[in-house]
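*Asks:* let me see the structure of the following:
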Amino acid sequence: MVFEGPLSATKQRDTWIRLKVGDFAAAVTELRQAQLITGDRDGQCVALKEGIGTDQLVRLLVERGMPVYEIARAEETLESFYLSLMNNQRKLKRLIQLAKLTIIAFQRFNDLPVQRS
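*Replies:* Residues are numbered from 1 along each chain as shown. Got it, this is the predicted structure:
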């Protein structure tokens with residue numbers, strides 16, 4: 001697997017925040033509904049939506065009665081960067097396969113004889 005693109009593109013990634021709360025799944029649900037995050041991973045990290053600060057996450061969770069034990073920027077390791085590249089590669093392959101199947105189905109549909117009454 002080779003990353004293709006400028007070095008600056010490796011830095012333009014989601015801002016991942018390590019979030020330790022009483023119930024991570026419930027916190028993610030609340031944060032998604034409030035449109036403060038774009039994703040979650042590993043049962044402990046959330047990706048902030050652009051322009052959102054950690055203070056907004058904490059404020060919302062505390063207002064909802066959820067205990068927040070820790071919130072900190074999650075440093076991306078080489079391993080997590082590699083795994084995200086691999087996941088994106090797999091997603092791209094699935095999309096390409098789906099597009100090919102759609103084209104085949106469309107071609108077969110167009111080859112069906114027209115029934116006239």
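*Asks:* please count neighbours and contacts with C-alpha atoms only from this point.
*Replies:* OK.
*Asks:* domain parsing for this protein?
*Replies:* Following automatic domain parsing, one finds the domains of the chain at 14-75, 77-111.
*Asks:* among those domains, which is the most enclosed?
*Replies:* Among those, domain 14-75 has the highest mean neighbour count (mean count of other CA atoms under 10 Å), at a mean of 16.
*Asks:* distance from the chain centre to it, please.
*Replies:* 14 Å (CA atoms, centre = their mean, to the nearest Å).
*Asks:* possible to save the domains of the chain as CSV with mean pLDDT?
*Replies:* Shown next, in CSV, are the domains of the chain (pLDDT from 0 to 100):
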stretch, mean pLDDT
domain 14-75, 93
domain 77-111, 80
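*Asks:* the helices in the chain, which residues?
*Replies:* With DSSP state H as the criterion, the chain has helices at 7-11, 24-33, 54-63, 78-111.
*Asks:* and of the ones you listed, who's closest to Glu70?
*Replies:* Closest of the helices of the chain to Glu70 is helix 54-63, at 9.5 Å (criterion: CA to CA).
*Asks:* look up how far Leu95 lies from the residue nearest the centre of the chain.
*Replies:* What sits nearest the mean C-alpha location of the chain, by CA atoms, centre = their mean, is Gly39, with 4.3 Å. Look at Gly39 and Leu95: by CA to CA, to the nearest Å, they are 20 Å apart.
*Asks:* before we move on, what about Asp42?
*Replies:* Taking CA to CA as the measure, Asp42 falls 24 Å from Leu95.
*Asks:* dihedrals phi and psi, Gln35?
*Replies:* phi 60, psi 40 (degrees, to the nearest 10).
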